Structures are given as structure tokens and as C-alpha cells.
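*Asks:* Just a sequence and a predicted model for now, questions to come.
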Amino acid sequence: MIQDIAPLKLNNAYHRKKPKNNSRMLGFFDRMIYLKYDEKIEFLTYEQWTDTRREQKKEIPESVYLFSIGEEDYFLTDIAADTQIEGFAFHKMFSVRTMQPMKDVLAAATAWHLYVWYRDNQFCGRCGTKLAHDTLQRMMRCPKCGNLVFPKIAPAVIIGLTDGDKILMTKYAGRTYTRYALVAGFTEIGETLEQTVAREVMEETGIRVKNLRYYKSQPWSFTDTLLTGFFCEADGEQDIRLDKEELAVAEWIERDKIDQAQDSYDDLSLTNEMICCMMRLFIIIEAKHTVHLRCHIEKQTVCNGKRTHRLNDNNSARNNQWIMATFDRQFHRFLIA
């Protein structure tokens, strides 16, 4: 996923730093980020940025330290829409999701999250006074009334709803993103993450859930969100009552058709990892079932001195029961591993 950049690590501890020549300078304009992309992302260095501004006889804008990844420091600065540096251009944040390397995709997304927060919190919401950067931690402080403003993080859930060997997959309504996803939604005031899962599934599909199991979490800074993934099972009626304001499509996809529902899956998002984890799990179950069935066939009975194989409808039913029981066990082990 986007945060999986080991052995590197994003260090987001707040410091009052000044940029060095090799520091990365990030600037945004209208949901776009300034960078060079030729098979891999390249951000402006402080040296490139200051040399360009001096050549143009322009003042060097102030910068704010954001975080570091490995030995590289990243800063936010003001890069105007008409800035022209050879090879560099503004790229849509949505397009950054498909770029490489992953550490710089993470850097771009995290910087975007902080940029939006700084942009939208320049004045105190209580008294209207211009806010000032705190010297000790990542927050904005009102010098008049003392109001403290911290970065916004919105909790949300991603829900892998299953029914036997099927998973509920969806497509958003009115979005530019048209690929399959999972039921998802933001946590409302006063509810737990588990309550969010039950409410979102009911609101968007009309289905009740049971057996909630936590999977993983993920920072999704493109939307200032902390995602939490849960798997759960349909409880009772499985007929879908679609909320057409939220979803364009919601359908049960069988295990052998999950990989056919979408032409490709990226390795960036929690949603796609949860879908792919179901595919991998079904492959494991199929392999175990093949071994189980082979052993079952090889159990021979002697009748009139001859070996015979006995595979009848009762055995087939037992095979199906074994598959689902094995799926449940493997699924549980997968989640707690």
C-alpha cells in the first residue's frame, strides 16, 4: 500500500528546520503538484528553486518543513501557476497515484494533506485573527484568543462484505473513478468504527452485517482520511437495495470472477489490497480443496475383490461444506496473521 516504503520510513515529527540545497520543495496549485516525471518522480531541490528565483530576480518564498523520508527533507513552498523550469510542470494529484517510486507518491499525498490544512486555516475561526505557526508542534495558534488548530484527519471505513465465497463490490455514483471498489464511508460524530460499518452497509445496500473483523488501516492523504479496513459477513437477506445517490453499482462477485471484474488492481490502496487478499485466499482454498478431493477419491473400498471409487451427491455436498469451513478457518487465520 502507499505507506509500505520499507526500509525507508516517513518521519512526520514536527521540527523548525530550514531547507538545505538537496531538500525537496513541494508546491501545489488547484489540485496539482509541481514535479518532473520521466518514469520516476523528481521534485525540485532547494538549490534548483533558489537558483531559478535568483535568475528571474524574484524573491524566494518562505517554506515550511513537512517531514523527512530517509535522509531527504521535504518542504512546502509557494510555486506560482506560471512557474517555468525545464522538465517540470504541474500534474494532477489524481495522476500521481500511478507514478513511481512509492516513497514519492506517499510524499506527494502527505504534503497535499498538509498543504490543504495550511491553506484552509490561515485565520482563526473563533475571532478572525491571522493564525501563527506554533514553535513546538504541528498546529496553528491564534495570538489573540489562544485558539489552537490541528491538522484535520477524517476517520473512514473500507468494508469487505462477504457471503460465502462472494464479496460485495461497488462502483461510485458521479465520480471520475469508475473502477470497482468496496462499500466505504466516513465515521459520524458519536459512533464507533464498528457502528460505521453497519450503518454504511445498511444505507448503501440495505444489508445487515455480522462477524466484523478488523483487517488493516491506511493513511489516505488524498482526502485527509485515515482508512480502517473491516471484513464482515451478510446477516440474513442478501438482496441489494441500492442507494443510487452514493453508488452506481453494487453486486455480489463470485470467487472465480473477482479477477475478471477489473482489468487491473494497483498496489496503492487499502481497498484494492482487500479485494486482492480475497482473490489470494480463494486460490489457497482451491489448492487445498484439490488436495482434499484427491485424497478423498483415493480412499478406496473393496467390493467383490475389486477396488471402487465412491463419489456421489452426498460426497459432493460434504465437499462443498468442507470448502466453506476451510474458507472460514483460513480467512480467520489470514486476518489475525
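*Replies:* Cool, the structure landed.

*Asks:* And the helices in the stretch 101-250 of the chain, which stretches?
*Replies:* Here the stretch 101-250 of the chain has its helices, by DSSP state H, counting those that start in this stretch, at 102-120, 193-205.

*Asks:* Residue 273: which of those is closest?
*Replies:* Between residue 273 and these, the tightest spacing by CB to CB is seen for helix 102-120, at 13.4 Å. (Glycine included, C-beta is placed from N, CA and C.)

*Asks:* List the buried residues for that closest one?
*Replies:* Across helix 102-120, burial judged by 16 or more other CB atoms under 10 Å covers 102-118.

*Asks:* average model confidence for that helix?
*Replies:* Across helix 102-120, the average pLDDT comes to 97.

*Asks:* what packs against that helix?
*Replies:* strand 10-11, strand 24-26, strand 32-37, strand 41-42, strand 63-69, strand 72-77, helix 93-96 (3 or more CB pairs under 8 Å, 6 or more residues apart in numbering; DSSP states H and E).

*Asks:* partners of the fourth one, with directions?
*Replies:* If you go by DSSP bridges, strand 41-42 pairs up with strand 32-37 (antiparallel).

*Asks:* The first one now?
*Replies:* The strands beside strand 10-11 in its sheet (DSSP bridges) come out as strand 63-69 (antiparallel).

*Asks:* Give the buried residues for the partner strand.
*Replies:* 63, 65-69.

*Asks:* can you list contacts of it?
*Replies:* Strand 63-69 has contacts (CB atoms under 8 Å, 6 or more residues apart in numbering) with 5, 8-19, 25-26, 46, 73-77, 103, 106-107, 110-111, 114, 118, 133.

*Asks:* So how do I select the buried members of those residues in PyMOL?
*Replies:* Remark: buried members of those, expressed as a PyMOL selection using 16+ other CB under 10 Å:
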select buried, resi 5+8+10+19+25+26+46+73+74+75+76+77+103+106+107+110+111+114+118
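
*Asks:* and residue 49, what is it in contact with?
*Replies:* By CB under 8 Å, 6+ apart, the contact set of residue 49 is 25, 60, 77.

*Asks:* Please report how far the nearest residue to the second one once chain neighbours are set aside lies from residue 17.
*Replies:* This means residue 60. Ranked by CB to CB, 6 or more residues apart in numbering and with sequence neighbours excluded, the top spatial neighbour of residue 60 is residue 53, at 4.9 Å. As judged by CB to CB, to the nearest Å, residue 53 and residue 17 stand 20 Å apart.

*Asks:* Next, give phi and psi for the nearest residue to residue 204 once chain neighbours are set aside.
*Replies:* Leaving aside its sequence neighbours, residue 204 sits nearest to residue 243 (CB to CB, 6+ apart; 4.6 Å). The phi and psi values for residue 243, taken as degrees, to the nearest 10, are phi -90, psi 100.

*Asks:* worst-scoring helix or strand of this structure, pLDDT-wise?
*Replies:* The helix or strand of the chain with the lowest confidence, counting by mean pLDDT, DSSP states H and E, is strand 301-303 at a mean of 39.
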